[in-house]
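Asks: the following block contains a protein sequence and its predicted model.
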Amino acid sequence: MTGTSINTVTLVQVALGRAADDYQGRVLRGLPCKRIQCDEIWAFFYAKRTHLPKVKKAPEGAGDVWTWVAICQDTKIVPTWHIDGRTPQDARLFMADLALRIASRPQITTDGLPQYVQAIFAAFGKEVDFAQVIKVYANQDSGRYSPAVCVGAHAQTMIGSPDPLWVSTSYVERQNLTMRMGMRRLTRLTNAFSKKVANLEAAVGLYYMHYNFGRVHQTIKKTPAMAAGVGDHRWTAEEIATLLDDPKYAAVFRDAKVGAKVA
């Protein structure tokens, strides 16, 4: 499409994704988020976990990978995310980072994953109102790929006194769909998966940079960053690309341009 080497394009993407990740790590602080929903998004890199025994020379850590994500119900901003496994340690890292970004006592809703309970208590103590939405699924044929059918759900208070009116995971689940539709590497049943976890991390960082700062949300008529008070205008793609002006990434971008000329 561009007449440029795919390796050059990937190099620029990874550099820009890391720059976007760093920028949001600095700016997304003291956020006025009062109602937060959290979830995990499944993906894989190099090969699916079940296929790894048949794969030769698979890199360390190849297989299933999870993106933990939080979203504010009111401003729609995504304050943090975490990419790795689905262990208690991952839950603690994710929640510890979320606690650093929130200015006041939040109400948090998650699915029924047990890892959240200790992680949220460790990050917030009793200064949080936390509830889980426990879903009930119908029995599923083990040979069927599609997810099991949800036949019911109920809310369960875990810490504090969450307002039952706002106990829901609908917003974060809709955000998960937006993310899968916005990044080809997360589309199911295709060959467009990440070959390196660093590429996935960069793509997610760049995606959330656009989601938070460059995309006007239909319901709030502004970007999530503007709604959260950490942005004063809608960022263009060209403006997001200027993050590469940071000296930390300028050398990578310069090398990519040289590679493009050679290609």
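Replies: Looks like it arrived, so ask away.

Asks: rest of the way, CA atoms for contacts and neighbours
Replies: OK.

Asks: excluding chain neighbours, what is closest to residue 99?
Replies: The spatially closest residue to residue 99, leaving aside those adjacent along the chain, is residue 123, at 6.1 Å (CA to CA, 6 or more residues apart in numbering).

Asks: please report the distance of that neighbour from residue 92.
Replies: The gap separating residue 123 from residue 92 is 7 Å, by CA to CA, to the nearest Å.

Asks: swap in residue 176?
Replies: Distance, residue 176 to residue 92, by CA to CA: 21 Å.

Asks: quick one: contacts for residue 93?
Replies: Contacts were defined as CA atoms under 8 Å, 6 or more residues apart in numbering; by that measure residue 93 touches residue 82.

Asks: in which helix or strand would I find it?
Replies: For residue 93, the element it lies in under DSSP states H and E is helix 88-101.

Asks: tell me the buried residues in that helix?
Replies: Of the residues in helix 88-101, those buried by neighbour count under the rule 16 or more other CA atoms under 10 Å are 90, 91, 92, 94, 95, 96, 97, 98, 99, 100, 101.

Asks: so what's the gap between the next helix or strand after that helix and the chain middle?
Replies: As assigned by DSSP H and E, the chain's next helix or strand after helix 88-101 is strand 107-111. Distance of strand 107-111 from its chain centroid, counting by CA atoms, centre = their mean, to the nearest Å, is 16 Å.

Asks: list the contacts of strand 107-111.
Replies: Around strand 107-111, the neighbours that count as contacts under CA under 8 Å, 6+ apart are 34-39, 116, 128-135, 162-163, 167-169.

Asks: for stretch 219-227, same thing?
Replies: Contacts of stretch 219-227 from elsewhere in the structure, counted by CA under 8 Å, 6+ apart, are 75-78, 211-217, 231-234.
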